[in-house]
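> prediction below, plus the sequence it came from.
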Amino acid sequence: MKINSARLKDRIYSLAEIGKIGETGVRRLAHSQEDRKAVDLVKEWMEDAGLDAHIDCFGNLRGRIEGTEKEKPILMLGSHIDSQPYGGRFDGTAGALGAIEVIHSFQDHGFTPVRTIEVVCFSDEEGARFNKGVFGVRALIGQLEEGELERKDKEGMTRLEALKEFGVTPEITQSPVYQPGDIEAFLELHIEQGPVLEDLKKPIGIVSAISGPLWLTVSIEGFAGHAGSVPMNLRQDALVGASTIIREFNDLVNNEGTSNTVGTVGSLQTFPNSRNIIPEKVEFTIDLRDIDMEVRDRLETRLYEIIKKTCSALNLKYSLSEDTRSDPRYCADWIKTIMKEEDEKLGYSSPTLMSGPFHDALFMSYISDYGMIFVRCEKGISHNPLEFAEMKDIEKGVELLYQTAARLSES
Ligand SMILES: [Zn+2]
């Protein structure tokens, strides 16, 4: 193995001590004191690895190693080290510290890249604190929105204030940092956060695409009435309508989706929410994802038919609002080809799989070709202290990252 897995393990477990909760949990909210401590420690590791490191004005930690041909578009590697409020030790950190390990091992083996390499620990990937994440990567590519620095956390502190407390002063005019053409490729390693690799009994996987979510809110309106006095044939029960739609939506995704399609209703509110009143109004969310837009579009149309048919049969009114509509973003074929070649040489025979959750890489895809490596995680648990990935799986993923980064930076 080219990488030093003992060093990598030591760093992953040392970093987990910062913001540690319980035995295995981590709480490092974006721009917090714990986040700053983590960034300072990881910055030292970047420097040990031979990277010229700095914290930019958006809170991103960025380290560079100059290539012999400085005019070439750079190779970028990275992930994040902030966490959910009740998070685990591997989400983000496996990839961020894995990327640093790759460069450190280059140094150990006397490998000098032709192409300049930058390693980034993106700030606020998780979005838990200000209810909007991937802040650092969006700043790099120029996708910050109006009022972004005025968003408040639960204590009423704005992002601007939090970033100042963290030790940087954001300059919106500095965004974007990178333009299309500046970056040859972006590579991210991440734990899978799902059960597919475990099910396949494979330690790592090569990602094909990050699926695009369609998020809708459905409101159904019926008519309230006393649960004891309104006969069944005269009712307009919004919850009966909603539950019929939810059931049929689930069947639809199961029967007409592909193995990559997932559909979820994760939140539901009923009004007035009383045991002896017929539900008058119900609101629920739809999350529909696929990497194939044709499939997703077809199921979306079918969903609307189900809603219309159900509401008309039950004498209900409905309205829909669209909260998010993202396109899937495909990993570059040429990067996947290189990854597969290196994967074969390592004797892993890793499967290809899609990513349901999004990652920093999703945003990098708007200005650069990208590739991702997934590492198996126990039972697919993530965003939870129980999150666990075996070191021997992580080191395989980082070894593949090493070989891929070496190929991409040697010419
Ligand atoms: Zn993550």
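Here it is on my side, so go on. Numbering: from 1, shown residues only.
> please make it C-alpha for all contacts and neighbour counts, starting now.
Noted.
> how many neighbouring residues does residue 250 have?
Residues near residue 250, counting by other CA atoms under 10 Å, number 15.
> hey, what's the residue nearest to it when sequence neighbours are not counted bridged with?
Of all residues not flanking residue 250 in the chain, residue 263 sits nearest, at 6.7 Å (CA to CA, 6 or more residues apart in numbering). In this entry, residue 263 is beta-bridged to residue 288, by DSSP bridges.
> tell me the buried residues in whichever strand or helix holds residue 241?
Assigned by DSSP states H and E, residue 241 belongs to helix 238-256. Neighbour-count burial for helix 238-256 flags 238, 239, 240, 241, 242, 245, 246, 248, 249, 252, 253 (criterion: 16 or more other CA atoms under 10 Å).
> possible to save the residues you listed as JSON lines with distance to residue 406 and pLDDT?
Listed next are these as JSON lines, based on distance: CA to CA, whole Å; pLDDT from 0 to 100:
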{"residue": "238", "distance to residue 406": "58", "pLDDT": "98"}
{"residue": "239", "distance to residue 406": "57", "pLDDT": "98"}
{"residue": "240", "distance to residue 406": "58", "pLDDT": "98"}
{"residue": "241", "distance to residue 406": "56", "pLDDT": "98"}
{"residue": "242", "distance to residue 406": "53", "pLDDT": "98"}
{"residue": "245", "distance to residue 406": "51", "pLDDT": "98"}
{"residue": "246", "distance to residue 406": "48", "pLDDT": "98"}
{"residue": "248", "distance to residue 406": "49", "pLDDT": "98"}
{"residue": "249", "distance to residue 406": "46", "pLDDT": "98"}
{"residue": "252", "distance to residue 406": "45", "pLDDT": "98"}
{"residue": "253", "distance to residue 406": "41", "pLDDT": "98"}
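> for the nearest residue to residue 219 once chain neighbours are set aside, phi and psi?
Computed as CA to CA, 6+ apart, the closest residue to residue 219 that is not its neighbour in sequence is residue 283, at 4.3 Å. Per-residue torsions, residue 283: phi -130, psi 130 (degrees, to the nearest 10).
> surely residue 283 and residue 269 touch.
Yes. Look at residue 283 against residue 269 with CA atoms under 8 Å: they come within range, at 5.3 Å.
> what lies in contact with the helix holding residue 241?
Helix 238-256 has contacts (CA atoms under 8 Å, 6 or more residues apart in numbering) with 220-223, 261-265, 270, 278-282, 284, 299, 302-303, 306-307, 310-311, 314, 316.
> may I have it as CSV, with CA atoms only?
Coordinates of each C-alpha in helix 238-256 appear next as CSV, following Å, rounded to 0.1, in the frame of the first residue of the first chain:
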residue,chain,number,x,y,z
ALA,A,238,-58.0,15.2,4.2
LEU,A,239,-55.9,12.6,6.0
VAL,A,240,-57.6,9.7,4.2
GLY,A,241,-56.7,11.5,1.0
ALA,A,242,-53.1,12.1,2.0
SER,A,243,-52.6,8.5,3.2
THR,A,244,-54.1,7.1,-0.1
ILE,A,245,-51.6,9.3,-2.0
ILE,A,246,-48.7,8.3,0.1
ARG,A,247,-49.4,4.6,-0.3
GLU,A,248,-49.9,4.9,-4.0
PHE,A,249,-46.8,7.0,-4.4
ASN,A,250,-44.8,4.3,-2.6
ASP,A,251,-46.2,1.6,-4.9
LEU,A,252,-45.5,3.8,-7.9
VAL,A,253,-41.8,4.2,-7.1
ASN,A,254,-41.5,0.5,-6.3
ASN,A,255,-43.3,-0.7,-9.4
GLU,A,256,-42.4,1.9,-12.0
